[in-house]
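Asker: quick one, fold the following:
(one chain, ligands or ions: 1)
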Amino acid sequence: MASQETSIQSLGQEVLTPNYGQRNMALVRGEGIHVWDSDGRRYVDLLSGLGVNNLGHCHPEVVKAIQKQAQTLIHVSNLYLIEPQIQLADMIIQHSPADRVFFCNSGTEAVEAALKLARRYSFDKFGAGRHKVIALESSFHGRTMGALAATGQPKYHEGFEPLLEGFSHVPLNDIDALKAAVDDSVCAVIIEPIQGEGGIYPCQTQYLQSVRELCDQKNLLLIFDEVQCGLGRAGALFCSDLFDVEPDVITLAKGLAGGVAIGAMLAKEEPAKSLVPGTHAATFGGNPLACAAGIAAFNFTIKENLPKRSKKIGGNFIGSLNQLKDKYPQHIREVRGMGLMIGVELTFPSAEAIGALLNDGFITGPAGPNVLRFLPPLIVEEQILSSALERLDAFLAAKK
Ligand code: PLP
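Answerer: Okay, here's the model as predicted:
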């Protein structure tokens, strides 16, 4: 067994590009909140893959839907109607502020679609010259060239210049900075209502409301990147319910199809009209398999009111983490987040806490160098979070 593992590790090092910095540990099975490694050791997954498995691993309703769809139809082209795609779009529209959906396969693709829509809509309505997009500092929008240029963290840009032209970045929650950055060449503003990769920083409600007003005054599209914070993660299905602000465009991915690759760009009717035939496409976008999984996952999310559950359980967990902060002010600088999207800013590298929790059987992750991130499945029991908290408490107590 040990030699098989060693060979898979060394083979991985030979055949894969080295971009992930992976742990020497293969996760081979999952069920609910648990995953097992190749030694048969069980872990509680408090990161949900990476914000994906909102319903836990291999949710039975998602598995059933995938099995049924796999026996029926896996791929046909978007030149024909795809029934599960239309049904999933209809469900999303019924529960969101949007009127139209474009499906793709990942978060970064959803962001690319949003950026293209913003430029094209502006071109159709106002003519050429309004192509710029304003994004926020410390944001993360993905790794493809458009989403990368929108991302407001220089470390992701290094070595990939020249970046796509037409992006600028302003500080989070600073409406005056945003106002100062808007000129006649700007067509859109893109914001994660709660920044994820950048360190779990929620926008203030007043800020987002002022951004909406500004976008209305200046005819800018307001794009909410809800790839990480949407679909119940932060305590509401869509961020418009959390902040009482309706964007024109929303990007989704991660939690949308119970673990199957999918992305979606949602738009209001008027801008959506600009995506006329030929303007945009994705071969696998909205494929029957992913959409069947999406329907099952979305149905379960609504049926069990997972956003409400996330808000309640997450609120309690944030409260307990704040108590831990009071107990260990020398170790915890701040606790941030909404619902079950939580960051604990430490005074030391988060890798230490992540490693200690992993040794105790809990998977967590970083959000920047000092932030310990929790994105547990929305079905998690409070008691599980309490045991993770106990382990964190013990680790901090022992820490010099
Ligand atoms: N947008 C946000 C807010 C994200 O958090 C991420 C990924 O973490 C992305 C976009 C990119 O998603 P993907 O990795 O599926 O391309």
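Asker: you'd agree residue 209 is up against residue 243?
Answerer: Yes - between residue 209 and residue 243 there is a contact at 7.3 Å, judged by Cβ atoms under 8 Å. Backbone N, C-alpha and C define where each C-beta goes, glycine included.
Asker: so those two - more neighbours on which side?
Answerer: Between residue 209 and residue 243, counted using other Cβ atoms under 10 Å, residue 243 has the larger neighbour count: 25 against 15.
Asker: over to that one: give its phi and psi.
Answerer: With angles defined as degrees, to the nearest 10, residue 243 sits at phi -120, psi 0.
Asker: also residue 360?
Answerer: Per-residue torsions, residue 360: phi -90, psi 10 (degrees, to the nearest 10).
Asker: count of neighbours near the spatially closest residue to it that is not a sequence neighbour?
Answerer: Spatial nearest neighbour of residue 360, excluding adjacent residues (Cβ to Cβ, 6 or more residues apart in numbering): residue 391 at 4.5 Å. Residue 391 is flanked by 18 other residues according to other Cβ under 10 Å.
Asker: what strand or helix carries residue 391?
Answerer: helix 382-398 (DSSP states H and E).
Asker: mind listing what's buried in that helix?
Answerer: By neighbour count with 16 or more other Cβ atoms under 10 Å, helix 382-398 contains the buried residues 384, 385, 388, 391, 392, 395, 396.
Asker: same question for stretch 295-314.
Answerer: So stretch 295-314, judged by 16+ other Cβ under 10 Å, has buried residues 295-298, 300-301, 306-307, 309-311, 313-314.
Asker: one more: stretch 174-182?
Answerer: 175, 178, 181, 182.
Asker: quick one: contacts for the third one?
Answerer: Right, the one you point to is residue 181. Residue 181 is in contact with 134, 168, 170, counting by Cβ atoms under 8 Å, 6 or more residues apart in numbering.
Asker: where's it relative to residue 145, distance?
Answerer: 21 Å (Cβ to Cβ, to the nearest Å).
Asker: for the last one, same thing?
Answerer: With distances defined as Cβ to Cβ, the gap from residue 182 to residue 145 amounts to 24 Å.
Asker: can you map out the strands along the stretch 151-300 of the chain?
Answerer: In the stretch 151-300 of the chain, the strands defined using DSSP state E, counting those that start in this stretch lie at 167-170, 186-191, 194-195, 201-202, 221-225, 249-252, 263-267.
Asker: so which elements touch the last one?
Answerer: Meaning strand 263-267. In this structure, strand 263-267 packs against helix 83-95, strand 100-104, helix 107-126, strand 249-252, with contacts taken as 3 or more Cβ pairs under 8 Å, 6 or more residues apart in numbering; DSSP states H and E.
Asker: which of the strands of the stretch 151-300 of the chain sits closest to the ligand?
Answerer: Of all those, strand 221-225 sits nearest to the ligand, with 4.5 Å by Cβ to the nearest ligand atom.
Asker: quick one: average pLDDT of the closest one?
Answerer: Strand 221-225 carries an average pLDDT of 98.
Asker: do stretch 359-367 as well
Answerer: Here stretch 359-367 scores 98 as its mean pLDDT.
Asker: endpoints of it, how far apart?
Answerer: End-to-end span of stretch 359-367 (Cα to Cα, to the nearest Å): 19 Å.
Asker: enumerate the residues of the stretch 201-350 of the chain near the ligand.
Answerer: Within the stretch 201-350 of the chain, the positions adjacent to the ligand are 225, 227, 228, 253 by Cβ under 6 Å from any ligand atom.
Asker: having no further points to raise, I will conclude here.
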